[in-house]
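Undergrad: Starting from these lines, generate the structure:
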Amino acid sequence: MKSTDFIVARDDLQQCKIVETQLPDAAALPDEALLVKVDRFAFTANNITYAVLGDQLKYWQLFPAPDHFGNIPVWGFGDVIASRHPGITVGERLFGYFPMATHLVIEAADVSKRGLRDAAAHRQGVAPVYNAYARVSGDAAFAGRQGDYQALLRPLFMLSFLVDDFLSENEFYGARSVMLSSASSKTAFGLAHLLHLRKNIHVTGLTSAGNTDFVQSLGCYDEVVTYDRVTSLPSDSPVAYVDMAGNSDLRATLHRHFGDQMKYSGRIGLTHRSSSPDEPELPGAKPVWFFAPDQIRKRAKEWGPGGIDMRFGAAWSGFAPMLDRCLEVIEGRGGAAVKQSYLDTLNGRVPPHQGHILSLAD
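TA: Numbering: from 1, shown residues only. Take a look at the predicted model:
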């Protein structure tokens, strides 16, 4: 049996191709291993960040590809089509981190009623969340369109949730105004929703002129400002900045405008891909990367077993009902559709109200 894989050139993300890789026969699977058919997966700008940071944060090692190429990790669903694990039956549905491929072999470990972990040696050394799979057979929250929302936004909303929690824990570094770049992005949308619920935080969305109407329609930004007008913002009170895009010029402009009133400058994503590796010293707080697994480890220790899941579940239940009116799901099947979606996302051609659910199976 062969798997169809979509891979990209690690040193030139514009280059991509479809390849076939050999899979072991079901009878030749290692003990306790599973052969999973990847059913459908989400692809968003967040996956471009995975590719840009593939070497730095070890994303490329999760799903090995031929030399100089990488397989971008995606969140989605797979069905077990062969099992050597006594506690997992053929037909079970899993939600988690998959390759852009039609199949994946998982070395199942730490199996419980709710989930399992892939113990493959090459997948270790990364944040545990990337190797965890939820067992979601029969769970209505992961079925149909609700399942698509989970794949498209649950991982991004977890990042939104963690940033909101981090800022709150640090009392917003003395700021009562938070600016989000790429305000139309799905992670910014989730964060703005959570910040808006706090009532005492003024949420400013920074976006392009073409996305202004969409950002305003979300209803969770107190103010929407286009990038060419950011220096019109009042600069006499403390602000925090969450950089979703990684635009070095925008970050420098904001720091120079707000000066010492810039109390926090957090870097989340790199979808803009124009960051300079040698950026000058800027006024105000030093820009720092926000690394979600650090906050997860901290809260897991402080909140105890199930603490993060309980709080996140409550936050998700308040966010999910908004998605029917804010998100249009676009489905694509086959290699050509996956390639088109990838290139459109890479080159910024996907409208902010759309979310792509894909499959490499025709």
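Undergrad: Break down this protein into its helices, ranges please.
TA: Using DSSP state H, the helices found in the chain span residues 45-52, 144-169, 186-196, 212-217, 248-258, 292-303, 307-319, 323-326, 335-346.
Undergrad: Could you dump the ones you listed into TSV with mean pLDDT, distance to residue 87 and mean neighbour count added?
TA: All C-beta spots, glycine's among them, are computed from the backbone N, C-alpha and C. Below are the helices of the chain laid out as TSV (pLDDT from 0 to 100; distance: least, C-beta to C-beta, whole Å; neighbours: other C-beta atoms under 10 Å):
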stretch	mean pLDDT	distance to residue 87	mean neighbour count
helix 45-52	90	30	22
helix 144-169	96	23	20
helix 186-196	97	34	25
helix 212-217	97	45	16
helix 248-258	96	49	19
helix 292-303	92	25	14
helix 307-319	95	21	15
helix 323-326	94	34	14
helix 335-346	98	33	18
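Undergrad: JSON lines for those, including distance to residue 204?
TA: Converted to JSON lines, the helices of the chain look like this (distance: least, C-beta to C-beta, whole Å):
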{"stretch": "helix 45-52", "distance to residue 204": "20"}
{"stretch": "helix 144-169", "distance to residue 204": "14"}
{"stretch": "helix 186-196", "distance to residue 204": "9"}
{"stretch": "helix 212-217", "distance to residue 204": "11"}
{"stretch": "helix 248-258", "distance to residue 204": "11"}
{"stretch": "helix 292-303", "distance to residue 204": "23"}
{"stretch": "helix 307-319", "distance to residue 204": "20"}
{"stretch": "helix 323-326", "distance to residue 204": "19"}
{"stretch": "helix 335-346", "distance to residue 204": "26"}
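Undergrad: For residue 111, which of those is the nearest?
TA: Taking C-beta to C-beta, helix 307-319 is the member of the helices of the chain nearest to residue 111, at 17.7 Å.
Undergrad: just to revisit the earlier point, would you tell me which of the helices of the chain gets closest to residue 119?
TA: Here helix 292-303 is closest among the helices of the chain (C-beta to C-beta), at 18.3 Å.
Undergrad: Can you name the residues that contact the closest residue to residue 192 other than its chain neighbours?
TA: Using C-beta to C-beta, 6 or more residues apart in numbering and skipping the chain neighbours, the partner closest in space to residue 192 is residue 220 (4.3 Å). Residue 220 is in contact with 189, 192-193, 195-196, 203, counting by C-beta atoms under 8 Å, 6 or more residues apart in numbering.
Undergrad: if we go to 10 Å?
TA: Residues near residue 220 by C-beta atoms under 10 Å, 6 or more residues apart in numbering: 183, 188-197, 203, 205, 319, 322, 326.
Undergrad: try residue 124
TA: Contact analysis of residue 124 by C-beta under 10 Å, 6+ apart lists 58, 61, 118, 131.
Undergrad: that older thread, of the contacts of residue 220, just say which sits nearest to residue 136.
TA: residue 319 (18.8 Å).
Undergrad: Walk me through the domains of this structure.
TA: With domains defined by automatic domain parsing, the chain comprises 2-138+327-359, 154-294.
Undergrad: if I look at the closest residue to residue 189 other than its chain neighbours, how far off is residue 326?
TA: Excluding the flanking residues, the one nearest residue 189 by C-beta to C-beta, 6+ apart is residue 218, at 5.8 Å. Counting by C-beta to C-beta, to the nearest Å, the separation of residue 218 from residue 326 is 6 Å.
Undergrad: overlap in contacts of the two?
TA: 189, 193, 352-353.
Undergrad: For those residues, please prepare CSV with the additional fields distance to residue 299.
TA: What follows is the shared contacts of residue 218 and residue 326, written out as CSV (distance: C-beta to C-beta, whole Å):
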residue, distance to residue 299
189, 22
193, 19
352, 29
353, 32
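Undergrad: Of those, which is the nearest to residue 248?
TA: Using C-beta to C-beta, residue 352 comes nearest to residue 248 of the shared contacts of residue 218 and residue 326, at 22.0 Å.
Undergrad: ok, now which ones touch residue 75?
TA: Going by C-beta under 10 Å, 6+ apart, residue 75 touches 41-44, 46-47, 95-98, 130, 150-156.
Undergrad: follow-up on the earlier one: measure the residue nearest to residue 192 to residue 114 for me?
TA: Between residue 220 and residue 114 the distance, using C-beta to C-beta, works out to 31 Å.
Undergrad: residues in contact with the residue lying closest to residue 319 once chain neighbours are set aside?
TA: For residue 319, ignoring the flanking residues on the chain, the nearest one in space by C-beta to C-beta, 6+ apart is residue 193 at 5.6 Å. Residue 193 is in contact with 157, 160, 164, 203, 218-221, 315, 318-319, 322, 326, counting by C-beta under 10 Å, 6+ apart.
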